[in-house]
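Asker: this one's sequence-less:
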């Protein structure tokens, strides 16, 4: 039962955290590249090429997170609302003081 709870937590939080981290990384990379181009306009081509490669690598990590999300999602059992209510009542009854 603990495994299913941790799996649900990983599914619910893992992908958004990975996407948010990727977005922050891409924003910082683009900001640094634009700052570098503003300081040295003659190096714009080299900076832009390096930035595009860096953005592709950052995006590949987010795609790996999405892939692992789909793989883990296939492992999660499908339950109905009635089953979820029954599981929550059983868990509450088991943890209640007697």
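Answerer: Yep, it's here. Since we're looking at a predicted model, the values are computed, not measured.
Asker: For the helix ranked longest in the chain, list every residue counted as buried.
Answerer: Secondary structure of the chain read by DSSP state H shows that its longest helix is helix 2-39. Within helix 2-39, the residues scored as buried using 16 or more other CB atoms under 10 Å are 7, 11, 15, 18, 22, 25, 26, 29, 33, 36, 37. From N, CA and C alone the C-beta is placed, and that goes for glycine too.
Asker: For residue 75, which non-adjacent residue is closest in space?
Answerer: residue 7 (6.6 Å; CB to CB, 6 or more residues apart in numbering).
Asker: correction: residue 50
Answerer: Computed as CB to CB, 6+ apart, the closest residue to residue 50 that is not its neighbour in sequence is residue 33, at 7.4 Å.
Asker: Do I have it right that the one you found meets residue 48?
Answerer: Yes: counting by CB atoms under 8 Å, residue 33 touches residue 48, with 6.8 Å between them.
Asker: Any idea which helix or strand in the protein has the lowest mean pLDDT?
Answerer: Sorted by mean pLDDT, DSSP states H and E, the helices and strands of the chain end with helix 81-95, the least confident at a mean of 72.
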